[in-house]
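# Sequence and computational prediction follow.
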Amino acid sequence: EWIQEVKHPVIVYEKEMPSARFNTPKNKAKEASSYLQFLTDHYDNLPEHVAFTHGSDTSWHHRGFLKNKLNMVKLPLDRSYKSLNRNRL
């Protein structure tokens, strides 16, 4: 799977597998439910940096591969927000 090629830690929330370690109770609100579930689950121990993304390496709204974009991010960031779209890293 493409996430194994990302050099940063990755957590995947499953929407169709209730027995998964990380999952959302119901498949509602598209990706927003997974983002909110992550924030709720890790509220007391949030990492310094988080990238919320779709589960696919490619998408209609960004060029290239998401794994390459994530691997190009250099931490620590020089600002509080960094877009992964439009090849602006």
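Great, that's in hand.

# Q4: neighbour count?
A count of nearby residues for Q4, using other Cβ atoms under 10 Å, gives 7. Bear in mind the C-beta positions are built from the backbone N, C-alpha and C, glycine included.

# show me where pLDDT drops low in the chain?
Residue ranges of the chain with pLDDT under 70: 27, 86-89.

# could you redo the last one with a cut-off of 50?
Within the chain, the set of residues satisfying pLDDT under 50 is empty.

# can you give me the helices for it?
In the chain, the segments counted as helices under DSSP state H are 31-41, 66-72.

# could I get the ones you listed as a markdown table with distance to A51?
Formatted as a markdown table, the entries for those read as follows, by distance: least, Cβ to Cβ, whole Å:
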| stretch | distance to A51 |
| --- | --- |
| helix 31-41 | 11 |
| helix 66-72 | 6 |
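
# nearest to F22, of those helices?
For the helices of the chain, the distance to F22 is smallest for helix 31-41, at 7.3 Å, taking Cβ to Cβ.

# and that closest one, what other elements does it pack with?
Helices and strands in packing contact with helix 31-41 are not found; criterion 3 or more Cβ pairs under 8 Å, 6 or more residues apart in numbering; DSSP states H and E.

# in that helix, what counts as buried?
By neighbour count with 16 or more other Cβ atoms under 10 Å, helix 31-41 contains the buried residues S33, S34, Y35, Q37, F38.

# so which of those would you say is closest to K67?
Of the buried residues of helix 31-41, the one sitting nearest to K67 (Cβ to Cβ) turns out to be S34, at 18.3 Å.

# The closest one reaches Y13, doesn't it?
Yes: shown here, S34 and Y13 form a contact pair, counting by Cβ atoms under 8 Å, at 4.0 Å.

# Give the residues shared as contacts by those two.
Between them, S34 and Y13 have T24 as joint contacts when contacts are counted by Cβ atoms under 8 Å, 6 or more residues apart in numbering.

# ok, so what distance separates the residue of the chain positioned farthest from its centre from I11?
Taking Cα atoms, centre = their mean as the measure, the residue most remote from the mean C-alpha position of the chain is S19, 20.2 Å away. Separation of S19 from I11 (Cβ to Cβ, to the nearest Å): 16 Å.
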